[in-house]
Every structure is written in structure tokens, then in C-alpha cells.
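*Asks:* turn this into a structure:
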Amino acid sequence: MTDLFQSAGLEESAPRPLADRLRPKTLDEVVGQDHLLTGTGPIARMRAQGRLASLILWGPPGVGKTTIARLLAEDSDLEFEPLSAVFSGVADLKKAFERARARRAAGRGTLLFVDEIHRFNRAQQDGFLPVVEEGTVTLVGATTENPSFELNAALLSRCQVLILKRLDDAGLDQLIARAEVEMGRALPLDDGARTALRSMADGDGRYLLNLVEEAFTFDPDTPVDAAALAQLLNRRATAYDKDREEHYNLISALHKSVRGSDPDAALYWFARMLEGGEDPLFLARRLVRMASEEIAIADPTALMIANEAARTYERLGSPEGELALAHAVVHLATAPKSNAVYVAYKRARRLAKETGSLMPPAHILNAPTRLMEQQGYGKGYEYDHDVEGGVSGQDYFPAEMHDRPVLYEPKDRGREASIRERLDRWRALRNERRKG
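*Replies:* Numbers count the residues shown, from 1 in each chain. Coordinates of the predicted model:
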């Protein structure tokens, strides 16, 4: 198979980026994806069985999706036909399919690699179905987006989805070591700077090697520390797209950390979203929702603090107002939790739908006219403030509802613990009166 560098029209002797020079030449050299490539991993099993299914490789940038596809083609003796969904249209697809059919007629198979496959629209994705089904191509698509949301169900049913992981520190260290061997010398960085370099890469091997190549231009006799490295290299923004899956993943992590009473994790996810460029007012609204859904009257101040934090941000703006939101994050995470009101509300809505238009019991209806008095409106009503303990124990549900439902069941924590004690007494009183 033609080398990718040569296929771009460049001579082998031309200067090549470090990331290209270190591109793995075999699947065994791929870093950080052992869960797919070794042991009982799905690609390892396919190789052992001498077969290759159509695949969707899902993972963040710079983790080896293109490299794995290219090496799978070599390993399976298939022609590697690359396409980018960003730059290709229907005409390009048709030409690729025609070339694949010609190869098949000549006895050679094709691995059609489609980068950013999620960029193709539904109709274009449907175009792959016949050539995959008839075996004209083995499709390997690469995507950074969740295939469940971005790809047709019909296409997904014909492909195996494999998840590639962002590179951990061990994998990044392997790449740094290979770069040092390639360059014939050590990086001019102290230990702190090496740690900072890995952090800057954010799990992206290709980006790491670009940083490493830049670091090799530093004075080799004067090791650089972390502070100097930060000035010499630009740190890229963390992966975050407010309109895509990462947004929902992080807000879910924040919400669940608050629900799980972990202020440290909650602050971390809150900060991650701010660093990614999230609108603080979106976070403020979500904090108000958390206070209502997850805490409610177990700590009535939670909703007030969340609302006040939102108002503070509106008054102060960024960055000062963000501290008020952080205050609310910590308060909500450390508050006693209860979803009892949330559950009771959903039960009440369900019950209201089921029971239709039942009238309130006559004794709690006002009787402004003589006719209404004759109908029994208000008869037997007891004014709760006038009875001992301030609770009459009368029934306030429709008379047709013979089994009095219990909708609100307070938890035994926070302020709801004392509410629960009072409700137990009052419900016992009502049950006693109903029996009487």
C-alpha cells in the first residue's frame, strides 16, 4: 500500500512532522488501546480469526483512529481508501464505490475509511448500506461524536462500534520516550515540565507530539520548568462543545455529584464547564433546579441560596459572580438530600389525571348562597386554628376516594425529619377520625 506521505505528493526526503515520523507501523505499536488490540479485545479476536467486520471507531481526537484503520487494511490485505466526510460529497462516494467494485472484480478487497463519518447526512449514510451488505467494502468510520445520536440505526446495525480511550499518562510517556529515541536526545524539560506537558496534551497523542516537537527547539543545555513551559507553549482549550454530547456529559456529572453530596467533584465539574466556555447563567438555572429537585424542604435555604447566587451573577457578571455560583454548588452538595416533594408532585399529577373531575368534599366548600347551604356546603367544617394542637384531622380529599392516598413521604434527614414526625401524628389523627 502506498505510504500516506508519498500519496500526498511529497518525497520521502522532505521534512516530515514528528507525529508523522512516529506513526505506528504495526498494530502492536499503537499506544493506549490495549482493550481493543490485545488479549480478548474485539480487534485482537478478529485478527486471530482472520476476519474483519465493518467498524465505527468512536473516540476523542489524537488517539489513533486513522492509524488503526490504515493498519487494519494492511493487516487484512485490503486496499486503503480514505475519505473525509468534511470534504467529500455524493460524487466522491460514488467514485469510491466504483473503485471498490473494480477491485473486487479483480479479486482485491477495499477498506473504506471515512473520517468524521457523523458529518454525512442521513441520506449519505444510507448510501453505505448496499456496498457494506454486499461486501463491496469493509467500512471503517471514525467519529468523535456519540454514534447513537449521530449515525443511522440501519448503518449502526451493520457495524460494530469500538470505543477508543483518551491516552493516559503511561501512554503519553510512551510517545515521549519514542520521540526522544527518534531525536536522539532527551527533552530539555524537568520533571514538573514533563508533567505539565502531558496535562497540556489532554489525552491527545498527536497534539502531544506537536508540543514535543516544539519543545525540542528549546535550549538543550537549560532544562525548562513548568512555569517557563506554560509561557513557551500555548495550552489548547479543553474539549467542550456546548451544543453536543460533552455538554450533557458534564452537566450530568455536576448534577449527580451534587446529588451524591460530593462538593469536591461538584466544584470540579462546575469549573470544567466554566473553563470550556459554558454560559454561567445556564449553570445558575441548573443549580436552582437541583435545589428544587434534590433538596427541597430538607433544607429550605438551598433554593434561596441558589436563586440568590443566580441574582448575584446577574448583578456582578464574570468573573466575580461565578464565586457566588461556586458558593451555591458547595451548599447544595453539602445539604441534606430529599426528592420526596419531587416524587410526591409526580404522584399527584398522575392521580389528578386518573381521578378526573371529582369535587372537593362538601364540608370544605364555601357557601355564599342559601342554595349552597342547603346542598351541605361548609356543613361540619372545623376551623383548624380553633382546635387543640391546631389540626382538626378532617379529610380534605374527594368523598369518592375511599382509600386516602399518601403522596408525600418525607425523608428522615434534614428539616424533613421533624416534618415526618408531625405528619405521622397528623395522619394517625385523620385515620382515627375516618374509622370513627
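*Asks:* for the rest of this, base every contact and every neighbour count on C-alpha atoms.
*Replies:* OK.
*Asks:* contact partners of the longest helix anywhere in the chain?
*Replies:* In the chain, with assignment by DSSP state H, the single longest helix is helix 416-435. Here helix 416-435 makes contact (C-alpha atoms under 8 Å, 6 or more residues apart in numbering) with 297-298, 391, 393-395, 409-412.
*Asks:* ok, these vs Glu182, which is closest?
*Replies:* Of all those, Ala298 has the smallest distance to Glu182: 61.5 Å, by C-alpha to C-alpha.
*Asks:* and the closest one, how many residues sit next to it?
*Replies:* When neighbours are defined as other C-alpha atoms under 10 Å, Ala298 has 25 of them.
*Asks:* what do you get for the one 5 residues further on?
*Replies:* The burial count assigned to Leu303 is 22, neighbours taken as other C-alpha under 10 Å.
*Asks:* next one: Ala230
*Replies:* Neighbour tally, Ala230, other C-alpha under 10 Å: 15.
*Asks:* just the strands in this protein please.
*Replies:* With strands called from DSSP state E, the chain shows them at 55-58, 79-84, 110-115, 138-143, 160-163.
*Asks:* make JSON lines out of the ones you listed and add mean neighbour count, mean pLDDT and distance to Phe149.
*Replies:* Formatted as JSON lines, the strands of the chain follow (neighbours: other C-alpha atoms under 10 Å; pLDDT from 0 to 100; distance: least, C-alpha to C-alpha, whole Å):
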{"stretch": "strand 55-58", "mean neighbour count": "23", "mean pLDDT": "95", "distance to Phe149": "12"}
{"stretch": "strand 79-84", "mean neighbour count": "18", "mean pLDDT": "94", "distance to Phe149": "19"}
{"stretch": "strand 110-115", "mean neighbour count": "25", "mean pLDDT": "95", "distance to Phe149": "17"}
{"stretch": "strand 138-143", "mean neighbour count": "26", "mean pLDDT": "95", "distance to Phe149": "11"}
{"stretch": "strand 160-163", "mean neighbour count": "17", "mean pLDDT": "94", "distance to Phe149": "13"}
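*Asks:* mind putting those strands into CSV with distance to His35?
*Replies:* Putting these into CSV (distance: least, C-alpha to C-alpha, whole Å) gives the following:
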stretch, distance to His35
strand 55-58, 13
strand 79-84, 24
strand 110-115, 21
strand 138-143, 17
strand 160-163, 9
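*Asks:* pLDDT and distance to Glu278 added to the contacts of helix 416-435, as a markdown table?
*Replies:* Shown next, in a markdown table, are the contacts of helix 416-435 (pLDDT from 0 to 100; distance: C-alpha to C-alpha, whole Å):
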| residue | pLDDT | distance to Glu278 |
| --- | --- | --- |
| Ile297 | 92 | 29 |
| Ala298 | 93 | 30 |
| Val391 | 88 | 49 |
| Gly393 | 86 | 51 |
| Gln394 | 88 | 51 |
| Asp395 | 86 | 50 |
| Glu409 | 91 | 36 |
| Pro410 | 91 | 35 |
| Lys411 | 90 | 34 |
| Asp412 | 90 | 36 |
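*Asks:* and Lys353, how far is that from Arg404?
*Replies:* Here Lys353 is placed at a distance of 16 Å from Arg404 (C-alpha to C-alpha, to the nearest Å).
*Asks:* quick one: which of those two has more around it?
*Replies:* Regarding Lys353 and Arg404, a neighbour count based on other C-alpha under 10 Å identifies Arg404 as having more, with 15 against 9.
*Asks:* for that one, list the residues it contacts.
*Replies:* Residues near Arg404 by C-alpha under 8 Å, 6+ apart: Phe397.
*Asks:* got the phi/psi numbers for it?
*Replies:* Note on Arg404: its backbone torsions stand at phi -70, psi 120 [degrees, to the nearest 10].
*Asks:* follow-up on the earlier one: which one of the contacts of helix 416-435 is nearest to Ala186?
*Replies:* Closest to Ala186, out of all of the contacts of helix 416-435 and judged by C-alpha to C-alpha, is Ala298, at 58.3 Å.
*Asks:* need the contact list for the closest one.
*Replies:* Contacts of Ala298 by C-alpha under 8 Å, 6+ apart are 336-338, 411, 413-417.
*Asks:* make it 6 Å
*Replies:* Residues near Ala298 by C-alpha atoms under 6 Å, 6 or more residues apart in numbering: 336, 338, 414-416.
*Asks:* cool, and Leu36?
*Replies:* So Leu36 contacts 42-43 (C-alpha under 6 Å, 6+ apart).
*Asks:* sorry, back to before: what is the nearest of the contacts of Ala298 to Glu74?
*Replies:* Proximity of the contacts of Ala298 to Glu74 (C-alpha to C-alpha) peaks at Ser338, which lies at 57.3 Å.
*Asks:* give me the neighbour count for the closest residue to that closest one other than its chain neighbours.
*Replies:* Among residues not flanking Ser338 along the chain, Ile295 sits closest, at 4.8 Å (C-alpha to C-alpha, 6 or more residues apart in numbering). Taking other C-alpha under 10 Å as the criterion, the count of residues near Ile295 is 28.
*Asks:* from Thr138, how far out is the residue of the chain positioned farthest from its centre?
*Replies:* Distance to the chain centre peaks in the chain at Arg370, reaching 63.4 Å (criterion: C-alpha atoms, centre = their mean). From Arg370 over to Thr138 the distance is 85 Å, taken as C-alpha to C-alpha.
*Asks:* what's the answer for Leu365, then?
*Replies:* Plainly put, Leu365 is 74 Å away from Thr138 if you go by C-alpha to C-alpha.
*Asks:* now do Pro360
*Replies:* From Pro360 across to Thr138, the span is 68 Å (C-alpha to C-alpha).
*Asks:* swap in Asn152?
*Replies:* Taking C-alpha to C-alpha, one finds Asn152 at 17 Å from Thr138.
*Asks:* what residues go with each domain of this structure?
*Replies:* Per automatic domain parsing, the structural domains of the chain span 4-163, 169-232, 245-334, 357-435.
*Asks:* let's have the ones you listed in JSON lines, adding distance to Arg349.
*Replies:* Output for the domains of the chain, formatted as JSON lines (distance: least, C-alpha to C-alpha, whole Å):
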{"stretch": "domain 4-163", "distance to Arg349": "31"}
{"stretch": "domain 169-232", "distance to Arg349": "46"}
{"stretch": "domain 245-334", "distance to Arg349": "16"}
{"stretch": "domain 357-435", "distance to Arg349": "10"}
